[in-house]
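Trainee: okay, sequence plus prediction incoming.
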Amino acid sequence: MIAALHTLVYSDAPVATRAFFRDVLQLPYVRDDVPEGQPEWLIFRTGPSELGVHPTSGPGGFDEVPRHHAISFMCDDLAATMAELAARGAEFATEPVERRFGTEVWLRVPGADDMMLYQPTHEVAHDLPPAE
C-alpha cells in the first residue's frame, strides 16, 4: 500500500532552496545522512497531499501543453498566507488571479522554478480518510 507521496525539486542552488523551505515556509524536516563536508540534505514534511491528472490537450479547458509535472502549495486563506510568507522574506512572481479552480499566485523559490500557491474553490481530497 502506498503510504505517502515524495516530491522532488531540482535546484541550481540547493542550499538556498532548502533554506527557503526551512526558514520562509517553515516546513518541518529531517536530516538525511550525507558524507562529512557535504551540504546538509533536508527532507521536508509537506503535510496532507493530493494528486490530480490534467490533460495535455483536448477536453478539460486547457490549451495544448507539454507533458510535465507540477508542484502547488494549497492554503485556506491566500491573502493571510501571502502576508505571513512575505513577512518572512517570500517574494511573489505574480499578483493573485482568480481561476476556475481557485485563486492562485506564483511564489518565487530561490534556485528553482516558481511554484503555485493557491486557495482552492474545488472540493479537496487531501483530508479524505485513508483507503482501506
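Mentor: Structure's in. What do you need?

Trainee: got the phi/psi numbers for residue 82?
Mentor: Phi and psi for residue 82, reported as degrees, to the nearest 10, are phi -60, psi -40.

Trainee: roughly how far is the lowest-mean-pLDDT helix or strand in the chain from the heart of the chain?
Mentor: Across the helices and strands of the chain, mean pLDDT, DSSP states H and E gives its lowest value to strand 29-32, namely a mean of 87. Relative to its parent chain, strand 29-32 has a centroid offset of 18 Å by Cα atoms, centre = their mean, to the nearest Å.

Trainee: can you tell me which helices and strands that strand packs against?
Mentor: In terms of contacts (3 or more Cβ pairs under 8 Å, 6 or more residues apart in numbering; DSSP states H and E), strand 29-32 is packed against strand 41-44. Just so you know, the C-beta spots here come from the backbone N, C-alpha and C atoms, and that holds for glycine as well.
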